[in-house]
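# need a 3D model of the sequence below.
(2 chains)
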Amino acid sequence: MQVKLMKRLPFVLLALMMQTSEAVAKPSHVAVGAAPAWEARSDYGEGGRMNFVPELLGFAYFPTGRDRYHLRAGARVGLSGLSQAEMPSAVRIPEWDIRPALELGLLRDGPFIPVLAMGIGAIARHTSLQTTAAITKVDGPQSHTELLPRAYVHAGLGIPLGRNLVLEPFGRYEVIVGDTRSSWRLGLDISVSIF
Amino acid sequence: MGTKFTVLRACLAAIVATATACGNEPETTLPVKAQVVTWLAFDQASETPTFGVREETLTGLTDFDGLTGAHVRILRGGELVAREVAGSVVLDGRFSKGQPPSLRYVLDDGVVVPRDYSSFAMLSAYHAFEQSFAGVQRVLAVGISDLGGKAPIDVFFEPEIRVIGKTSGTITQKFNAFFVPGAHQFGLARRSGLERTPLAADQMVISHEIGHLIFDRFFYQNKPAKCGSEGVPLPARDRIGLEYAISGINEGMADFVSFAVTGSTDVLASQPKVDAQRSLTKNVYDFTMVNRDCDKSFYCVGTVFARSLFQAFIAQGGNAAQEVSRGAYGRQVMAALEGILDKLAARTDLPAATDGSQCEDRTELFRANHDGLVLGAFLDTLAAQVPVETSAALCKSFANNFGTSGFPNAMRDTCKLN
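The predicted structure is shown next:
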């Protein structure tokens, strides 16, 4: 029984995708969702780490007048800081970011939905100097908040599942003014049509 | 591919720059004051260092963006290719590919305040090196121009290490700092949660690394020993220079330099999970207990040696809390290092090497009888090259700490008279 199911699974998935291009193909509509994402970040002198930056997102789809082509206006808010670079225990400067952005993309509807988008936004970053008792004296400012402009190009490939759900693995190349440590990001947009 | 990304990046940057006028780095003018983490003092009674975050002037700075000063230039990253990295001395190695620091900071009342940990650590490392070199000059009367090689010296911040010796591979080393003789470079291993206070900003540690540079200059005379090929006998100078015992002496001398400059009797006193095996005052193991009560390999020999120097200093009436007192004694010891290697290489009573390729042996193989003869020859020669009253104190201290296995009677010429 299980073997039979496994054999049929690819066909079931394909059938789901074939029929559910409607996830996008409806007239103007709105979807919301979330995206687990990881940015490659050069936090160390040589080498770096994958920084977890989850996002909340919202998309509005508009027909372009050309068959299957849609414009996608999007808004995202990311959070960085859940994982921090390694630092000595007595002196740390953790960084927390809120990363809002607006984007505009073009997609072609079908069993797979390629998307190309560009976005602009900002990073509201809060850094704080944290010390323990091993540091006996602290002079100067101990926290700082800054606003860093950013822009990005986003390429994704949507996979519709069901009538309202789209999974979109994506790659993003980003430029942050005043911070060159990160540029590439990989993630998965998960969006659901709400109306 | 690369050109496309350059164009893409330029386009994105143009969009952002048009959208906002932000993004201009603040302008700094020399001299620069920066917020750094820095070593403040060492309490000898409790063997406890104190550290602070302070606004310090970055002395000697000639190029702020490049963090380049009179003594050092800080480079971000880079790659060290070496035959072996054991402890804080690199054998047959060289750093390359370091990048400018790319500091991220804001100016607060004219003070550079770093905006991320890497910038903070690099500014702090620069300050620690400049302060330590100034201390070496002030206390030991050894300036950068006395040390040979080019200045400023390159310091690679958190590099990658590629080992091409008996074992090979790429590693990311943590909890370490190192000196590369021959290439005349320093490295600061990647920071980690293993450290309590940053090693890169710890003047006790940085003075230790400069101690290796001093040993390279005075003992090796800027011609570090080189590894040979398997089965090919090495020249005597290289063979002696690569001995396990000499690696230990090198570490011990570096700890002694740290003591002379900072007054610290435990170079790793600031770190957690490090027992008192590096303490010059608390430790009680002697040479016979190396590899038994002390498990830090050739560092144990080094600590026995550094403690011998320390005890001879105290026995002579030296005041460990006084920089002037430490300096007077330290200068005698530094000067006495000159020419020892050539004298050892000329001796015919030292044990023969079994193989020309001794690179691994120098750090891995402890042989009490073999190493005792090499150590004995070194210790006696050192005692012969210091003033008479210091020589007597050193001989007694060497005898106490190394016994007849680490300082065999057969090797005691000067110390036989004392």
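
# ranges for the strands of chain A?
Per DSSP state E, chain A carries strands over the ranges A:29-35, A:37-41, A:49-52, A:55-63, A:69-80, A:91-92, A:95-108, A:113-128, A:130-131, A:135-138, A:143-161, A:165-176, A:182-193.

# those into CSV, with extra columns for mean neighbour count, distance to chain B and mean pLDDT?
Heads up, the C-betas are built off the backbone N, CA and C, glycines and all. Converted to CSV, the strands of chain A look like this (neighbours: other CB atoms under 10 Å in any protein chain shown; distance: least, CB to the nearest CB, whole Å; pLDDT from 0 to 100):
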stretch, mean neighbour count, distance to chain B, mean pLDDT
strand A:29-35, 18, 20, 96
strand A:37-41, 18, 11, 97
strand A:49-52, 16, 11, 96
strand A:55-63, 17, 19, 96
strand A:69-80, 18, 12, 97
strand A:91-92, 22, 5, 96
strand A:95-108, 18, 7, 97
strand A:113-128, 19, 6, 97
strand A:130-131, 18, 6, 95
strand A:135-138, 16, 4, 90
strand A:143-161, 19, 4, 96
strand A:165-176, 19, 4, 97
strand A:182-193, 19, 8, 96
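
# can you put those strands in TSV and add distance to B:Ala269?
Putting these into TSV (distance: least, CB to CB, whole Å) gives the following:
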stretch	distance to B:Ala269
strand A:29-35	47
strand A:37-41	34
strand A:49-52	30
strand A:55-63	45
strand A:69-80	36
strand A:91-92	17
strand A:95-108	30
strand A:113-128	28
strand A:130-131	18
strand A:135-138	14
strand A:143-161	30
strand A:165-176	40
strand A:182-193	37
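
# please name the nearest non-neighbouring residue to the residue in chain A that chain B sits nearest to.
Among the residues of chain A, A:Gly45 lies closest to chain B, at 2.7 Å counting by CB to the nearest CB. Nearest-residue entry for A:Gly45: B:Glu158, 2.7 Å, with adjacent residues in sequence omitted and distances by CB to CB, 6 or more residues apart in numbering or on different chains.

# which phi and psi does the one you found have?
The phi/psi pair for B:Glu158 (degrees, to the nearest 10) reads phi 50, psi 60.

# what about it, how many residues nearby?
B:Glu158 has 25 neighbours, counted by other CB atoms under 10 Å in any protein chain shown.

# surely it and B:Arg191 touch.
Yes: if you go by CB atoms under 8 Å, B:Glu158 and B:Arg191 touch, sitting 6.9 Å apart.

# mutual contacts of these two, please.
Common neighbours of B:Glu158 and B:Arg191, using CB atoms under 8 Å, 6 or more residues apart in numbering or on different chains, are A:Tyr44.

# now the terminal residues of stretch B:316-326, how far apart.
11 Å (CA to CA, to the nearest Å).

# with stretch A:177-187 instead?
End-to-end distance of stretch A:177-187 (CA to CA): 22 Å.

# now it, how far from the centre of its chain.
With CA atoms, centre = their mean, to the nearest Å as the basis, stretch A:177-187 stands 12 Å off its chain's centre.

# and stretch B:382-400, what's buried?
B:382-386, B:390-399 (16 or more other CB atoms under 10 Å in any protein chain shown).

# got a list of contacts for that stretch?
With CB under 8 Å, 6+ apart as the test, stretch B:382-400 has contacts from B:286, B:308-309, B:311-313, B:315-316, B:329, B:332-333, B:335-340, B:379, B:407, B:412-415, B:418.

# ok, of those residues, which come out buried?
Buried by 16+ other CB under 10 Å: B:286, B:308-309, B:311-313, B:316, B:329, B:332-333, B:336-337, B:340, B:379, B:407, B:412, B:414-415, B:418, out of the contacts of stretch B:382-400.

# which ones among those residues are found in strands?
Assignment to strands by DSSP E places none of the buried ones among the contacts of stretch B:382-400 there.

# filter the residues you listed down to the ones in helices?
Among the buried ones among the contacts of stretch B:382-400, DSSP state H puts B:308-309, B:311-313, B:329, B:332-333, B:336-337, B:340, B:379, B:414-415 in helices.

# ok, those residues vs B:Gly143, which is closest?
Of all these, B:Leu337 has the smallest distance to B:Gly143: 16.6 Å, by CB to CB.

# the closest one is in contact with B:Phe219, isn't it?
Yes: contact status for B:Leu337 versus B:Phe219: in contact at 4.8 Å, counting by CB under 8 Å.

# anything in contact with each of those two?
Jointly contacting B:Leu337 and B:Phe219 under the rule CB under 8 Å, 6+ apart are B:Met253.

# low-confidence regions, the stretch 201-350 of chain B specifically.
Within the stretch 201-350 of chain B, the stretches with pLDDT under 70 are B:273-276, B:283-284, B:291.

# need the residues of it near chain A, please.
Counting by CB under 8 Å from any CB of the partner chain, the positions of the stretch 201-350 of chain B adjacent to chain A are B:270, B:272.

# please enumerate the helices of the stretch 201-350 of chain B.
Using DSSP state H, counting those that start in this stretch, the helices of the stretch 201-350 of chain B run over B:203-218, B:236-241, B:244-262, B:298-315, B:323-337, B:340-346.

# and the contacts of the second one?
Identification of contacts with helix B:236-241 by CB under 8 Å, 6+ apart yields B:220, B:223-228, B:233, B:246, B:341-342, B:344-346, B:350, B:353, B:358, B:374.

# same thing with stretch B:52-68?
Residues outside stretch B:52-68 that contact it (CB under 8 Å, 6+ apart) are A:91, A:129, A:131, A:135-140, B:28, B:30-38, B:40, B:69-71, B:73-74, B:100-101, B:103, B:111-112, B:122-123, B:126-127, B:130-131, B:134, B:152.

# among those, which ones are buried?
For those, buried by 16+ other CB under 10 Å: A:91, A:129, A:131, A:135, A:138, A:140, B:28, B:32-38, B:69, B:71, B:73-74, B:101, B:103, B:111-112, B:122-123, B:126-127, B:130-131, B:134, B:152.

# tell me the contacts of B:Leu75?
B:Leu75 is in contact with B:95, B:98-101, B:154-157, counting by CB under 8 Å, 6+ apart.

# who does the closest residue to A:Ala37 other than its chain neighbours bridge with?
Spatial nearest neighbour of A:Ala37, chain neighbours left out: A:Gly187 (2.7 Å); criterion: CB to CB, 6+ apart. Beta-bridge pairing for A:Gly187 (DSSP bridges): A:Ala37, A:Phe170.

# any idea how far the closest residue to A:Arg72 other than its chain neighbours is from B:Thr265?
Spatially, and ignoring its direct neighbours in sequence, A:Arg72 is nearest to A:Gly105 (4.4 Å; CB to CB, 6+ apart). According to CB to CB, to the nearest Å, A:Gly105 and B:Thr265 sit 64 Å apart.

# try B:Thr48
Taking CB to CB, one finds B:Thr48 at 11 Å from B:Thr265.

# which neighbours do those two have in common?
Shared contacts of B:Thr48 and B:Thr265, defined by CB under 8 Å, 6+ apart, comprise B:Phe42.

# neighbour count winner among those two?
B:Thr265 (23 against 14).

# picking that back up, just the ones in helices among the buried ones among the contacts of stretch B:382-400 now: which is nearest B:Lys282?
Using CB to CB, B:Gln311 comes nearest to B:Lys282 of those, at 12.8 Å.
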